[in-house]
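Colleague: compute the structure for the input listed below.
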Amino acid sequence: MNITIVHYNTIPVSLYGGTERVIWYLGKELAKLGHRITYLVEQGSYCDFATVKAINHSEDIWLQIPEDTDVVHFQHQPNITENAKHPYIVTMHGNAGSNEQLDTNTVFVSKNHAERYGSTTFVYNGLDWDDYSSPNLKKEEYFHFLGKAAWRIKNVRGAINVVTKAKNKRLKVLGGHRFNFKMGVRFTLSPKISFYGMVGGTQKNELLNKSKGLIFPVLWHEPFGLAIIESLYYGCPIFGTPYGSLTELISNDVGYLSNKRSDLTNAIENVTTFSNEKCSEYAIDCFNSKKMAISYVELYEKAVSGIILNIEKPKLKNAQNSKFLEWYE
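Modeller: Next up is the predicted model:
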């Protein structure tokens with residue numbers, strides 16, 4: 001098939017770039033499977049295994065899609081589907097507002113994500129583990145937080161408290177700084193906490209590879225969480241909250257979930273009860289880019305055949321009453 005992937009950002013990934021990382025590996029795997037890939041993305045993008053075309057924001061997006069495209073894969077909700085000239089699907093990477101109706105061909109990134117919008121259509125994100133360094137299962141004496149610390153829903157303060165309340169434990173924060181005036185002059189003086197800002201590539205992988213585990217006490221329904229599978233790949237069990245995809249992805253074999261700080265502190269003090277090998281094998285087997293690509297091909301074939309992926313337009317079934325989900329210090 002000729003597949004056009006549309007995304008309003010540049011590729012390849014810069015630093016973390018979750019969606020960009022996913023669609024890069026998706027296109028790479030699709031090309032290996034014999035499909036021809038075109039990326040319709042922002043100016044400045046480049047790729048050695050696909051055709052790259054820059055988006056013109058002054059022109060209808062449908063007019064920019066190559067004529068020989070068999071199926072279009074949007075990474076955002078298309079504004080005008082009445083103009084659709086090709087079969088298409090839409091991956092929903094985040095959480096939509098309570099009043100937003102999504103396209104009938106929307107695909108979610110976890111079962112929990114789909115169910116919250118009344119859908120059963122989802123594909124797990126996958127990564128190309130060949131691009132990552134080999135897991136080192138000999139760990140140093142620290143845990144890590146991975147995410148945009150400026151987003152309060154990621155709860156970096158909770159992660160810090162989980163570790164500072166534990167005996168002889170340290171935390172490395174990947175994705176934030178010790179001082180953040182935008183967050184109400186947030187600062188952390190504890191010497192047990194180190195900050196690395198937004199890191200990516202080799203530096204990020206090296207930090208994950210030596211970590212004992214990921215502290216991930218999110219205060220929203222996480223749609224998927226690349227931080228989860230990257231950490232698992234490097235043999236890190238997950239210590240997080242029971243929200244969104246975490247209840248689905250994290251079993252007792254590879255992590256511990258609670259919305260109570262004291263429970264998570266106790267759990268990390270017993271981190272040696274988890275198998276680093278089992279965590280890594282789980283990520284490699286279940287969240288690889290080839291598996292993701294094969295799942296998407298099945299949905300592409302449905303779209304080309306005229307099959308609608310959702311009978312009704314997906315819409316959030318139960319609006320969250322508060323800005324943040326419960327967290328008990």
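
Colleague: how about the helices in the stretch 151-300 of the chain?
Modeller: 156-164, 201-209, 226-233, 246-249, 261-269, 276-286, 289-304 (DSSP state H, counting those that start in this stretch).

Colleague: how about the strands in the protein?
Modeller: Assigned by DSSP state E, the chain shows strands spanning 2-6, 36-41, 51-54, 71-74, 88-91, 106-107, 143-146, 171-174, 179-180, 186-187, 193-195, 214-216, 238-240, 255-257.

Colleague: deepest-packed of the ones you listed, please.
Modeller: Burial of the strands of the chain is given as mean neighbour count (mean count of other CB atoms under 10 Å); strand 214-216 ranks first at a mean of 29. C-beta here means a position set from N, CA and C on the backbone, and glycine is covered the same way.

Colleague: now that strand: how far from the chain's centre is it?
Modeller: Distance of strand 214-216 from the chain centroid (CA atoms, centre = their mean, to the nearest Å) equals 14 Å.

Colleague: and that strand, what does it pack against?
Modeller: Secondary-structure packing of strand 214-216 (3 or more CB pairs under 8 Å, 6 or more residues apart in numbering; DSSP states H and E): strand 143-146, helix 156-164, helix 226-233, strand 238-240.

Colleague: quick one, which of the ones you listed gets closest to F74.
Modeller: Nearest of the helices and strands packed on strand 214-216 to F74, taken as CB to CB: helix 226-233 at 19.4 Å.

Colleague: ok, residues contacting the closest one?
Modeller: 18, 21-22, 125-127, 129, 132, 135, 144, 146-147, 208, 211, 213-214, 216, 238, 240, 245-246, 249-250, 254, 279-280, 282-284, 287 (CB atoms under 8 Å, 6 or more residues apart in numbering).

Colleague: list the buried residues for it?
Modeller: 226-233 (16 or more other CB atoms under 10 Å).

Colleague: would you turn these into TSV with pLDDT and distance to G27?
Modeller: Below are the buried residues of helix 226-233 laid out as TSV (pLDDT from 0 to 100; distance: CB to CB, whole Å):
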residue	pLDDT	distance to G27
L226	96	17
A227	96	22
I228	98	22
I229	98	19
E230	97	19
S231	98	24
L232	98	23
Y233	98	20
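
Colleague: in a markdown table: the residues you listed, plus distance to K169.
Modeller: Shown next, in a markdown table, are these (distance: CB to CB, whole Å):
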| residue | distance to K169 |
| --- | --- |
| L226 | 24 |
| A227 | 19 |
| I228 | 20 |
| I229 | 23 |
| E230 | 21 |
| S231 | 16 |
| L232 | 20 |
| Y233 | 22 |
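
Colleague: which stretches of the stretch 101-250 of the chain aren't confidently modelled?
Modeller: 176, 178-187 (pLDDT under 70).

Colleague: ends of stretch 158-173, how far apart?
Modeller: Stretch 158-173 has an end-to-end distance of 12 Å (CA to CA, to the nearest Å).

Colleague: using CSV, write out every CA atom in stretch 237-255.
Modeller: In CSV, the C-alpha atoms belonging to stretch 237-255 read as follows (Å, rounded to 0.1, in the frame of the first residue of the first chain):
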residue,chain,number,x,y,z
PRO,A,237,9.7,-1.8,37.3
ILE,A,238,7.0,1.0,37.3
PHE,A,239,5.8,2.6,40.5
GLY,A,240,2.7,4.7,39.6
THR,A,241,-0.9,5.5,40.1
PRO,A,242,-3.8,3.3,39.1
TYR,A,243,-5.1,5.6,36.4
GLY,A,244,-5.6,5.3,32.6
SER,A,245,-3.4,2.8,30.8
LEU,A,246,-1.3,2.0,33.9
THR,A,247,-3.9,-0.5,35.2
GLU,A,248,-3.8,-2.3,31.9
LEU,A,249,-0.1,-2.2,31.2
ILE,A,250,1.4,-2.7,34.7
SER,A,251,0.8,-6.1,36.3
ASN,A,252,2.2,-7.1,39.7
ASP,A,253,5.1,-8.7,37.9
VAL,A,254,6.5,-5.5,36.5
GLY,A,255,5.4,-2.8,39.0
